[in-house]
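*Asks:* Whatever this is, show me its structure:
(2 chains)
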Protein chains: 2
Amino acid sequence: MHNMDKLYESVAKRGHVCVGLDTSPEYIPEAERSRAATDADAVFAFNKAIIDSTIDIAACFKVQIAYYEELGLSGLQTFSKTLKYIRERGALVISDIKRGDIADTASRYAKAHFEGDFETDFVTLSPFLGMDSLEPWLNRADNKGKGAFVLLRTSNTGREDFQCLKTAEGRQVYNLIGDKMSALASAKPGKTGYGAFGVVVGIDSKSEEERREAMAIRSERPNLFFLIPGYGAQGGAAADVSLLLREGNGGVVNASRSILRAWQASGKTDNADNSIAAKHARDAAIAMRDEILDNLR
Amino acid sequence: MHNMDKLYESVAKRGHVCVGLDTSPEYIPEAERSRAATDADAVFAFNKAIIDSTIDIAACFKVQIAYYEELGLSGLQTFSKTLKYIRERGALVISDIKRGDIADTASRYAKAHFEGDFETDFVTLSPFLGMDSLEPWLNRADNKGKGAFVLLRTSNTGREDFQCLKTAEGRQVYNLIGDKMSALASAKPGKTGYGAFGVVVGIDSKSEEERREAMAIRSERPNLFFLIPGYGAQGGAAADVSLLLREGNGGVVNASRSILRAWQASGKTDNADNSIAAKHARDAAIAMRDEILDNLR
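*Replies:* All right, here's what the predicted structure looks like:
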């Protein structure tokens, strides 16, 4: 049983919400931030409060390393502590690192993120360098039941530049990535039928054509688990999410700012502290979970 | 004057060698490694010796973050110290981080690597998410004269999977990336005519066709500075490098293992220490520099 099987079970039990801990110090109540010795400490205390308040609702957590790297070495210490805390509490965590490099280097990265200070359950990877750049990750994941999400089609407009280019054979680049990822998953399906490596597929609800594309991606990739960004602050909606799920499972939906900043959005920010922020985060996560469940096809 | 102008001048003065500090603890003489308190400390001491011994020969240095991340938090401290040491000595450094993420996240990454603990002169970037993912880097680079190298065509065989796909209009994906990077450089050329953002173009000498492709890439991209990996341990040769240079400049050629491990390749590893390793590294860097200069077209 690999981590993608565990994620499937978590979704069945808790719903589809992936709580994104893309925590900027600006999202933290001022009283807490000024009390902490460093911004990195403030981020860890805030993360802990959010994790504790959403752990029974979250299918998993996702930690975007850029927000920690921005704070330098102390930020990366908080990244490490956040991963450890989530895993100690028995929840699953995705390190959003979008690594993509040649094989020798990829093997170093795989060691860095599948064991040691930065050990995680899943990573995100970029396929731009080709399938040989994923192999060291696959090899090392296999030993430890780890998983990954490979970028397939993101939700930003820039995806048109390369991911969505039409190739000479008339298909888009992301379809070819999907073919290769499907083949990997078919060769080694988990207990639930999904491969240990899934893909990142963004939500978009801009046109009917995009809705058809989303449905096509889902039906063509029955054995790939989806990490779905773009919900909430990025503009995705529950009805669009449903197009990317399969029999009510097969995907987790990431939301970060709409959960972390729910206390700020409430307007009642006077005397706010982490426990108030955590309460709002919990409410936002529950609302999102229910909205997705209500919209399941 | 931005950093790419400075790199041009450094190449004119010192040649084309980019010393790659992809330092694994296994590359360090055993006596030094066992003397150091941690592997991360051993890596820093080794790097310092290599930097000191090649600083008058290296056009610049490149630090591949994966090798540091592999050692966890203490490794990233060594990464930070290595960048600082190179910059304090007045040399230019490329952080090989191949970041690529949506705009909000990219802006965090840009802050992380253009200031603070991980401040560098150049980064490497992946264009997979599209041009909007590069904008925050461009904006932040501009203020501080920083530069970047965007992946265009790498030297691994997996590049065929996506980078070299033929699009419906009959060109390869990497050509479209090149078009966009050329346009950016033309809009804001530096003092030497090169844009602040160049591209990564691997060496390959497998066939006559690949040689023609390399020459085409160079002639179509007169205002893009090239970071050229694949020399030495990865198999590239000086004659192939010459195809990617322009009027004897316009590119730096990275070599890592062939320089860092020259002392091991010498066979005389008994009683080796960092000063012996540094001496071999210097000799290897000089040989490489001269080999490239001798092969200039």
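
*Asks:* would you list every one of the helices in chain A?
*Replies:* Using DSSP state H, the helices of chain A run over A:3-14, A:30-35, A:39-54, A:66-69, A:72-88, A:103-114, A:135-144, A:173-187, A:208-220, A:238-243, A:257-260, A:262-265, A:274-294.

*Asks:* which of these sits most buried?
*Replies:* Comparing the helices of chain A by mean neighbour count (mean count of other Cβ atoms under 10 Å in any protein chain shown), helix A:66-69 ranks first with a mean of 26. Where C-beta positions appear, they are placed from N, C-alpha and C, glycine not excepted.

*Asks:* If you average the pLDDT over that helix, what comes out?
*Replies:* Mean pLDDT, helix A:66-69: 98.

*Asks:* Can you check the pLDDT for A:G230?
*Replies:* Value for A:G230, per-residue pLDDT: 83.

*Asks:* can I assume A:L73 is in contact with B:G75?
*Replies:* No: A:L73 is not in contact with B:G75 according to Cβ atoms under 8 Å; the separation is 10.8 Å.

*Asks:* Could you list which residues are in contact with the closest residue to chain B within the stretch 1-150 of chain A?
*Replies:* Residue nearest to chain B within the stretch 1-150 of chain A: A:G130 (2.1 Å; Cβ to the nearest Cβ). Shown in contact with A:G130 (Cβ atoms under 8 Å, 6 or more residues apart in numbering or on different chains): B:T154, B:N156, B:T157, B:G158, B:R159, B:E160, B:D161, B:F162, B:Q163.

*Asks:* Dihedrals phi and psi, it?
*Replies:* phi 110, psi 170 (degrees, to the nearest 10).

*Asks:* ok, now which ones touch the residue nearest the centre of chain A?
*Replies:* Geometric centre of chain A, nearest residue: A:K62, 4.7 Å, by Cα atoms, centre = their mean. Listed by Cβ under 8 Å, 6+ apart, the contact partners of A:K62 are A:C18, A:V19, A:G20, A:L21, A:V93, A:I94, A:S95, A:D96, A:L227, A:N254, A:S256.

*Asks:* rewinding a little: of the contacts of A:G130, list those near chain A.
*Replies:* Among these, the ones lying near chain A by Cβ under 8 Å from any Cβ of the partner chain are B:T154, B:N156, B:T157, B:G158, B:R159, B:E160, B:D161, B:F162, B:Q163.

*Asks:* Drop anything exposed from those.
*Replies:* B:T154, B:N156, B:G158, B:R159, B:D161, B:F162, B:Q163 (16 or more other Cβ atoms under 10 Å in any protein chain shown).

*Asks:* Tell me how many other residues surround the spatially closest residue to the second one that is not a sequence neighbour.
*Replies:* In this case it means B:N156. Closest residue to B:N156 apart from its sequence neighbours, by Cβ to Cβ, 6 or more residues apart in numbering or on different chains: A:I102 at 4.7 Å. Per other Cβ atoms under 10 Å in any protein chain shown, the neighbour tally for A:I102 reads 25.

*Asks:* what does the model give A:G235 for pLDDT?
*Replies:* The predicted local confidence for A:G235 is 58.

*Asks:* Then A:R297?
*Replies:* 75.

*Asks:* which ones are touching the residue lying closest to it once chain neighbours are set aside?
*Replies:* Leaving aside its chain neighbours, A:R297 sits nearest to A:S242 (4.9 Å; criterion: Cβ to Cβ, 6+ apart). Contacts for A:S242 (Cβ under 8 Å, 6+ apart) come out as A:I292, A:N295, A:L296, A:R297.

*Asks:* Quick check: strands, which of the residues you listed are part of them?
*Replies:* Helix and strand membership here follows DSSP state E; of the contacts of A:S242, not one is in strands.

*Asks:* Flag every residue of the stretch 151-297 of chain A that's near chain B.
*Replies:* With Cβ under 8 Å from any Cβ as the criterion, the stretch 151-297 of chain A comes near chain B at residues A:151, A:154-163, A:165-168, A:170, A:173, A:176-177, A:180.

*Asks:* which residues does the residue nearest to A:T38 when sequence neighbours are not counted contact?
*Replies:* The shortest distance from A:T38 to any non-neighbouring residue, by Cβ to Cβ, 6+ apart, is to A:S74 (5.5 Å). Shown in contact with A:S74 (Cβ under 8 Å, 6+ apart): A:T38, A:D39, A:A40, A:D41.

*Asks:* sorry, back to before: nearest to A:G193, of the contacts of A:G130?
*Replies:* For the contacts of A:G130, the minimum distance to A:G193 (Cβ to Cβ) is 25.4 Å, reached by B:D161.

*Asks:* I'd like the distance from stretch A:257-266 to the chain centre, please.
*Replies:* 18 Å (Cα atoms, centre = their mean, to the nearest Å).

*Asks:* Kindly apply the preceding question to stretch A:21-36 instead.
*Replies:* 22 Å.

*Asks:* what sits up against it?
*Replies:* For stretch A:21-36, contacts defined as Cβ under 8 Å, 6+ apart pick out A:39, A:42-43, A:45-47, A:50-51, A:61-64, A:66-67, A:70-71, A:82, A:96, A:256-257, A:260-261, A:263-264, A:269, A:271-274, A:276-277, B:105, B:108.

*Asks:* List the residues that contact the residue nearest to A:K180 when sequence neighbours are not counted.
*Replies:* Ranked by Cβ to Cβ, 6+ apart and with sequence neighbours excluded, the top spatial neighbour of A:K180 is A:M131, at 5.6 Å. Listed by Cβ under 8 Å, 6+ apart, the contact partners of A:M131 are A:K180, B:G158, B:D161.
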